[in-house]
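>>> Turn this into a structure:
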Amino acid sequence: MDHATAVPDLQGRGTPESSWSRCVQLNELEPWQPRPPASGRAVMVAPHPDDEIVGAGGTLARLTGLGARVDLVAVTDGERSHPGMENHLRSLRPQETLLAAARLGVDFADVKRLRHRDGGIDEQRLIDQLAVEFRSGDLVLAPWHNDGHPDHDAVGRAAREAAARSGATVLSYLVWAWHWASPDDLPWQKALRVDIADVAAAKRKAVACFKSQLSVEPVVLAPHVLRRLLRSYEVLLQP
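This is a model prediction of the structure:
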């Protein structure tokens with residue numbers, strides 16, 4: 001995640017987790033069991049380092065446990081989360097991701113850092129890059145194209161377009177939508193609920209690796225943000 005290009009809807013404390021915990025549509029979602037992709041390969045597309053873990057880290061762990069190959073496409077290095085620290089963060093944040101993935105038991109078979117500018121993603125170039133990266137039968141995990149952060153939305157749109165070209169299947173994860181949205185805003189008819197209770201503790205330990213987002217002011221992964229991201233389940237949206 002990253003506040004560098006945040007819009008007003010992403011400020012403040014957002015929708016409290018208590019509202020989500022009382023959400024009838026969310027509570028009534030049928031559990032969905034991940035299964036190995038047709039190609040044997042899952043591709044995580046992350047706008048910023050940490051999105052892959054907070055958005056769908058538990059799902060990645062489940063896929064790994066099923067024997068799927070898991071690759072990572074890191075669109076930006078998240079260098080603008082804290083102004084004045086760009087050079088440091090450009091190298092630190094990708095390292096935090098790899099440490100977090102290891103704590104979650106996810107060993108990325110391949111990591112591609114596309115090095116788009118944090119807060120300035122070239123969407124057409126990204127579509128072309130992802131279309132080459134994706135293969136028919138792949139399962140692509142990418143942010144929802146209405147997640148609410150400009151980088152997340154651009155990556156979500158690009159992933160959908162590239163998957164349509166290549167024959168991959170996209171499932172979308174949520175990060176900032178849990179902050180700005182209310183229960184009535186989400187397309188529940190497309191939602192899948194992935195039970196990650198067995199890896200929830202590991203996901204919490206993995207998120208603790210993102211020191212740059214947890215302990216440097218302004219803190220991005222504040223406690224009220226984490227309450228919405230460290231549940232015993234994750235939600236994915238079908239196209």
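
>>> can you give me the strands in this protein?
Remark: strands assigned in the chain by DSSP state E are 41-46, 69-76, 110-116, 139-143, 169-173, 191-195, 233-237.

>>> Is it possible to get a markdown table of these that adds distance to N87?
C-beta: built from backbone N, CA, C; applies to glycine. Formatted as a markdown table, those follow (distance: least, C-beta to C-beta, whole Å):
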| stretch | distance to N87 |
| --- | --- |
| strand 41-46 | 21 |
| strand 69-76 | 14 |
| strand 110-116 | 13 |
| strand 139-143 | 26 |
| strand 169-173 | 29 |
| strand 191-195 | 37 |
| strand 233-237 | 33 |
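
>>> average pLDDT across stretch 31-43?
With pLDDT averaged residue by residue, stretch 31-43 scores 95.

>>> Then stretch 81-95?
Per-residue pLDDT over stretch 81-95 has a mean of 85.

>>> what do you get for stretch 19-26?
Averaging pLDDT along stretch 19-26 gives 96.

>>> Of all the residues in that stretch, which ones are buried?
Of the residues in stretch 19-26, W20, C23, L26 count as buried by neighbour count, 16 or more other C-beta atoms under 10 Å.

>>> Repeat that for stretch 226-233.
By neighbour count on 16+ other C-beta under 10 Å, the buried set for stretch 226-233 is R228, L229, L230, R231, Y233.

>>> quick one: which of these sit in helices?
Residues of the buried residues of stretch 226-233 located in helices (DSSP state H): R228, L229.

>>> could I get the buried residues of stretch 226-233 as JSON lines with pLDDT and distance to R157?
Shown next, in JSON lines, are the buried residues of stretch 226-233 (pLDDT from 0 to 100; distance: C-beta to C-beta, whole Å):
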{"residue": "R228", "pLDDT": "96", "distance to R157": "23"}
{"residue": "L229", "pLDDT": "97", "distance to R157": "22"}
{"residue": "L230", "pLDDT": "97", "distance to R157": "27"}
{"residue": "R231", "pLDDT": "97", "distance to R157": "26"}
{"residue": "Y233", "pLDDT": "98", "distance to R157": "26"}
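
>>> Looking at the buried residues of stretch 226-233, which is nearest R117?
L229 (25.0 Å; C-beta to C-beta).

>>> Was I right to think the closest one contacts V175?
Yes - between L229 and V175 there is a contact at 7.1 Å, judged by C-beta atoms under 8 Å.
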